[in-house]
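K.L.:
my questions are about this predicted structure, shown below with the sequence.
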Amino acid sequence: MTTTTTTPADARMLGLAHYAARAVLESVLTRHDLVFQQQIVLRPVALAAGPVDRGQLAADTVAALKADEDSVQGTIDELIAAGLVATDASEVRITDAGRALYERITQETSAASARIWGDIPEEDLLATGRVLTLVAERANAELAAAAG
């Protein structure tokens, strides 16, 4: 069922969309014994042309998820223990098992993403992208001011 609305976007609507889409992703991750934060850490390592600096990977994940450093470092350790990434000193790299898992997850989520996003007009996606970028910038500024 497709629903269109003329209700202006707000924080609640954004949150509901986020959690609905995240639940779709997590249903795939659960089948592969992965959790959300592990997938978020695994993705940039899988997409990198070579090894990734562990400190930068952690910093990027902390910034993206608003998670704490210890939690993210723990997630990297979990991926290493599972054999999905390997470490060489201060760098991490994807293993064959990690790449295969990432590709399976991507294939499964791509099909769902196509069904979710596929028929949304390009101009709507562009406008939404602009609004979400602005909301993220303003929310990050609020967080920085509160931490300030």
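P.N.:
Nice, thanks for sending it over.

K.L.:
remind me which helix or strand the spatially most central residue of the chain belongs to.
P.N.:
By C-alpha atoms, centre = their mean, the chain has its centre lying nearest to Ile40, at 4.4 Å. Secondary structure assignment for Ile40, by DSSP states H and E: helix 36-47.

K.L.:
quick one: contacts of that helix?
P.N.:
22, 25-26, 29, 34, 52, 57, 60-61, 64-65, 67, 71-72, 75-76, 78-79, 84-85, 92-94, 98-99, 101-102, 105 (C-beta atoms under 8 Å, 6 or more residues apart in numbering). C-betas here are computed from N, CA, C, even on glycine.

K.L.:
now do stretch 78-90
P.N.:
38, 41-42, 45, 51, 53-55, 76, 92-95, 97-98, 101.

K.L.:
end to end, how far does stretch 28-41 reach?
P.N.:
The first residue of stretch 28-41 is 16 Å away from its last residue (C-alpha to C-alpha, to the nearest Å).

K.L.:
so what touches the host helix or strand of Ile105?
P.N.:
In this assignment (DSSP H and E), Ile105 forms part of helix 96-117. Contacts of helix 96-117 with the rest of the structure, by C-beta under 8 Å, 6+ apart, involve 21, 24-25, 28-29, 31-32, 34, 39, 42-43, 45-46, 79, 83-85, 94, 125.

K.L.:
now Asp10: how far from Trp117?
P.N.:
Using C-beta to C-beta, to the nearest Å, Asp10 is found at 21 Å from Trp117.

K.L.:
before we move on, back to that, what subset of the contacts of helix 36-47 is buried?
P.N.:
The neighbour count (16 or more other C-beta atoms under 10 Å) marks 25, 29, 34, 52, 57, 60-61, 67, 72, 75-76, 78-79, 84-85, 92-94, 98-99, 101-102, 105 as buried among the contacts of helix 36-47.

K.L.:
mind listing the helices for this structure?
P.N.:
Counting by DSSP state H, the chain has helices at residues 11-31, 36-47, 54-65, 69-81, 96-117, 122-147.

K.L.:
winner for burial among those?
P.N.:
helix 36-47 (a mean of 19; mean count of other C-beta atoms under 10 Å).

K.L.:
mean confidence for that one?
P.N.:
Averaging pLDDT along helix 36-47 gives 95.
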